[in-house]
Structures are given as C-alpha cells and as structure tokens.
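Student: Okay, sequence plus prediction incoming.
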Amino acid sequence: RRMGGGYDLSQCKGALKGTMDRYEFTDKSLALSDRKEVLQDDIARAYRLLSGFNRDQYEQQMLSFSTAQKKLLVALSQEVTSEFDDAYRAKYRLGVSSTVNSTKKKLMENGYIEMSDGKYCVADPFFAAYLKP
C-alpha cells in the first residue's frame, strides 16, 4: 500500500518476516520468526537490506532502458501521478505527451510501472528506492 506516494511498510510484515528468516544464516539479528511482534524499525531495516540485494540487477536493467524510459521511471520513483500533465512533464523534463504516453505504455507492458489507487507508480518498490536520486 502507498501513502502519499511512499510505501506503508507495515502492510508488508508477513512477507518481510519470511524473507528475513531466509537470510538469518548471515546475521542472526535479522531473524524475525522467533518474535511475537515485528516492529516498524525491523521492517525498515529489512527493507534497506533487501533493497541492496537487487542493485546489480537494477544497474543492468538501467543499461537497457532508453533515455525517455529512465526519465519516466526516475520521475515516478519521486512522485506518483494520476496523469502526466504539462506541469509534471516540465518538472521532470519528460518531453512531449506523445513520447511520455508511448514510453508509459511500453513500461507498463513490461511490468516496470503500474496503476495503483488510480496513480502510476514504479511496480517494484525496491526498484523505486534504487531510482531515487
């Protein structure tokens, strides 16, 4: 779930708990299975750790994107939007609406962006965090 363009990590407790337990062999402090309660700090720590696991993959993906695709992904990582109006396109230097629309269509077809609660956003929250300057 997203709140104000960010991610409400409290909704991810179950998934993060299972994921972090798989990584407990490297750092026992990351194990969450023996806890009755998962705290917001635990979730934030797990999120930061998991964000780093895909860095190499994200760097390779970025090499395959066109300049227009990179710009749109970076813009959406900073600010989700329901429409790509003149102000949004100017703020992120995205170019003309026809270019943005064709870029958006291709990124959606390939699963890089999606609609959530009526707004376009980067589909992978870890990729969105990687893209933020």
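Tutor: Noted; the coordinates are in hand. Please read these numbers as outputs of a predicted model, since none were measured by experiment. Numbering: from 1, shown residues only.

Student: hmm, which helix or strand of the protein has the shakiest average pLDDT?
Tutor: Counting by mean pLDDT, DSSP states H and E, the chain has its least confident helix or strand at strand 2-3, which shows a mean of 40.

Student: Strands of this structure, start to end?
Tutor: 2-3, 6-7, 113-116, 119-122 (DSSP state E).

Student: What residues of stretch 124-133 count as buried?
Tutor: Across stretch 124-133, burial judged by 16 or more other C-beta atoms under 10 Å covers 124-131. Backbone N, C-alpha and C define where each C-beta goes, glycine included.

Student: I'd like the list of these that fall within helices, please.
Tutor: Among those, DSSP state H puts 125-131 in helices.

Student: For these, give me JSON lines that also has pLDDT and distance to Ala90.
Tutor: Formatted as JSON lines, those follow (pLDDT from 0 to 100; distance: C-beta to C-beta, whole Å):
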{"residue": "Pro125", "pLDDT": "85", "distance to Ala90": "26"}
{"residue": "Phe126", "pLDDT": "84", "distance to Ala90": "29"}
{"residue": "Phe127", "pLDDT": "88", "distance to Ala90": "25"}
{"residue": "Ala128", "pLDDT": "89", "distance to Ala90": "22"}
{"residue": "Ala129", "pLDDT": "86", "distance to Ala90": "25"}
{"residue": "Tyr130", "pLDDT": "88", "distance to Ala90": "25"}
{"residue": "Leu131", "pLDDT": "91", "distance to Ala90": "20"}
